[in-house]
Every structure is written in C-alpha cells, then in structure tokens.
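Novice: my questions concern the predicted model and sequence given below.
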Amino acid sequence: MAKPTAAKEKIVRITLVKSAIGYSKRHKATIRALGLHRMHQTVEHVDSPTLRGMLSKVNHLVEVVEQVEV
C-alpha cells in the first residue's frame, strides 16, 4: 500500500540550556547522541519514539520546541 503524499513530518527543535557537567556519563552520552556540543546550540530532529525517550532522560538539560514540517 502506498503512503499518502501529503504526510506531514513533525520536527522537534532541541536546545541545550544547561550544562551536562556534574551529571552522569549516560546523560552526557545522550546529549552527544542528540548532536549537541555546546550551550545554547540548537538541532532539529524528526520526531520518533526513540527521540522522545532520549529527551525524557535529559529533559532537565534541554528545551524542546515542536514544529510541523510540510
């Protein structure tokens, strides 16, 4: 079955707002896996359950803004 051509992907914009210094290695690794390297850096990812799980582990370090991509 073919996918609909007008499907909208949900984009999530993630900004590192607090340093990972003093937190566990797992938190630091998650921040790096998200593609964040320095404070106030922003990256965009396509929303997925895996991404949401990563964000829930470091929600105290990042700011998340949801967008709809056409």
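Specialist: Thanks, I have it. Numbers count the residues shown, from 1 in each chain.
Novice: bridging residues for the spatially most central residue of the chain?
Specialist: The structure's the chain has its C-alpha centroid closest to Ile14; by Cα atoms, centre = their mean the separation is 4.7 Å. In this structure, Ile14 bridges to Val43, Val64 when assessed by DSSP bridges.
Novice: low pLDDT regions in the protein?
Specialist: For the chain, residues meeting the criterion pLDDT under 70 lie at 1-7, 69-70.
Novice: show me where it has strands.
Specialist: Applying DSSP state E to the chain gives strands spanning 9-16, 42-46, 62-69.
Novice: let me have the ones you listed in TSV, extended by distance to Ser24.
Specialist: Just so you know, the C-beta spots here come from the backbone N, C-alpha and C atoms, and that holds for glycine as well. Formatted as TSV, these follow (distance: least, Cβ to Cβ, whole Å):
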stretch	distance to Ser24
strand 9-16	16
strand 42-46	21
strand 62-69	15
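Novice: of the ones you listed, which stretch is the most buried?
Specialist: The highest average neighbour count among those, using mean count of other Cβ atoms under 10 Å, belongs to strand 9-16 at a mean of 16.
Novice: circling back to that earlier point, where's the residue nearest to the centre of the chain relative to Gln41, distance?
Specialist: 9 Å (Cβ to Cβ, to the nearest Å).
Novice: ok, the closest residue to Leu51 other than its chain neighbours - contacts?
Specialist: Residue nearest to Leu51 in three dimensions, not counting chain neighbours: His45, with 5.5 Å by Cβ to Cβ, 6 or more residues apart in numbering. Residues counted as contacts of His45 (Cβ atoms under 8 Å, 6 or more residues apart in numbering) are 11-12, 14, 34-35, 51.
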